[in-house]
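Novice: Sequence and predicted model, in that order:
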Amino acid sequence: DAGVTQSPTHLIKTRGQHVTLRCSPISGHKSVSWYQQVLGQGPQFIFQYYEKEERGRGNFPDRFSARQFPNYSSELNVNALLLGDSALYLCASSREPVRQPQHFGDGTRLSIL
Amino acid sequence: AQKITQTQPGMFVQEKEAVTLDCTYDTSDQSYGLFWYKQPSSGEMIFLIYQGSYDEQNATEGRYSLNFQKARKSANLVISASQLGDSAMYFCAMREDSSASKIIFGSGTRLSIRP
């Protein structure tokens, strides 16, 4: 079975632009979470979706938004990009939100110039 | 509030030796889960092992075992017979069942295996 797939793998944007990152969960997984990992730090939770509904939101500004589609894939959108948004964005999926390990994709490395 | 502390920023270990990576946590929940992930330099996060707060036995997965001491709120990862491929960042993480959507991660430990 395919793992969690994320696209694109790398992205370069300039300040003020917006970006859309995509994630396809493992088949059978209905929960998708997004994390931001700045260089040298652990991942920081951004969003979790389960059955197409937002189940949790981390401490990120409203410039960050996400959604989950009927096929359980997900998009993360970031508007008005700042230099500080440069990071590795990780998507993780699990069968359910609780008591299930999350399996991560390889991430999208976003660089803001 | 949830908190994960990894006090070892970096460790060097000789190949074939066992290594223990420390993790302490803080939570007011009675029901929670603890995870360890490995992140090689390529960036992907690889799930290693899971321990539930109500699990009576320490979790084991191949060469990985979790030394869970609930009263001390510690969940140390033990890697037996270390291999060169074990060189990576290791993250301890926790999810409280009351806020099940959110997993918090520690700051990580960089493990380097010497040949």
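Specialist: Cool, the structure landed. Everything numeric in this text was worked out from a predicted model, so none of it was measured.

Novice: Nearest residue to the most centrally placed residue in chain A in space, please, no chain neighbours.
Specialist: Nearest to the mean C-alpha position of chain A, by Cα atoms, centre = their mean, lies A:Trp34 at 3.1 Å. Counting by Cβ to Cβ, 6 or more residues apart in numbering or on different chains, A:Trp34 lies nearest to A:Ile46, which is 4.3 Å off, once chain neighbours are set aside. In short, each C-beta sits where N, CA and C put it, glycine included.

Novice: now swap in B:Gln39 and tell me
Specialist: Per Cβ to Cβ, 6+ apart, closest to B:Gln39 is B:Met89, 4.4 Å.

Novice: That neighbour and B:Ser107 touch, don't they?
Specialist: No. The pair B:Met89 / B:Ser107 is not scored as a contact, 9.7 Å apart, by Cβ atoms under 8 Å.

Novice: More neighbours: which of the two?
Specialist: B:Met89 (19 against 16; other Cβ atoms under 10 Å in any protein chain shown).

Novice: now A:Phe45, nearest residue through space, not along the chain?
Specialist: A:Gly58 (4.0 Å).

Novice: By mean pLDDT, which helix or strand of chain B comes out lowest?
Specialist: Every helix and strand in chain B was compared by mean pLDDT, DSSP states H and E; the lowest is strand B:103-105, with a mean of 90.

Novice: Quick one: residues in contact with that one.
Specialist: A:33, A:42-45, A:102, B:2-4, B:35, B:37, B:91-95 (Cβ atoms under 8 Å, 6 or more residues apart in numbering or on different chains).

Novice: Can you name the next helix or strand after it?
Specialist: On the C-terminal side of strand B:103-105, the nearest following helix or strand under DSSP states H and E is strand B:109-114.

Novice: Checking that following strand against chain A, do any of its residues make contact.
Specialist: No. On the criterion Cβ under 8 Å from any Cβ of the partner chain, strand B:109-114 is out of touch with chain A, staying 9.8 Å away.

Novice: Secondary structure element for the residue nearest to B:Gln39, which one?
Specialist: strand B:88-96.

Novice: Just give me the neighbour total for the closest residue to B:Cys92 other than its chain neighbours.
Specialist: Spatial nearest neighbour of B:Cys92, chain neighbours left out: B:Cys23 (3.5 Å); criterion: Cβ to Cβ, 6+ apart. A count of nearby residues for B:Cys23, using other Cβ under 10 Å, gives 28.

Novice: got it, and A:Pro61?
Specialist: 10.

Novice: who's the residue in chain A that chain B sits nearest to bridged to?
Specialist: Nearest residue of chain A to chain B (Cβ to the nearest Cβ) works out as A:Gly56 at 2.6 Å. Bridge pairing for A:Gly56 (DSSP bridges) gives the partners A:Gln48.

Novice: Isn't B:Ser31 up against B:Ser53?
Specialist: Yes. B:Ser31 is within contact range of B:Ser53, at 5.7 Å (criterion: Cβ under 8 Å).

Novice: Compare the two (neighbour count), which wins?
Specialist: Using other Cβ under 10 Å, the more surrounded residue of B:Ser31 and B:Ser53 is B:Ser53, with 18 against 15.

Novice: can you give me the strands for chain A?
Specialist: Taking DSSP state E to define them, one finds strands in chain A at A:5-7, A:10-13, A:19-24, A:31-37, A:44-50, A:53-57, A:64-68, A:74-78, A:87-94, A:103-104, A:108-112.
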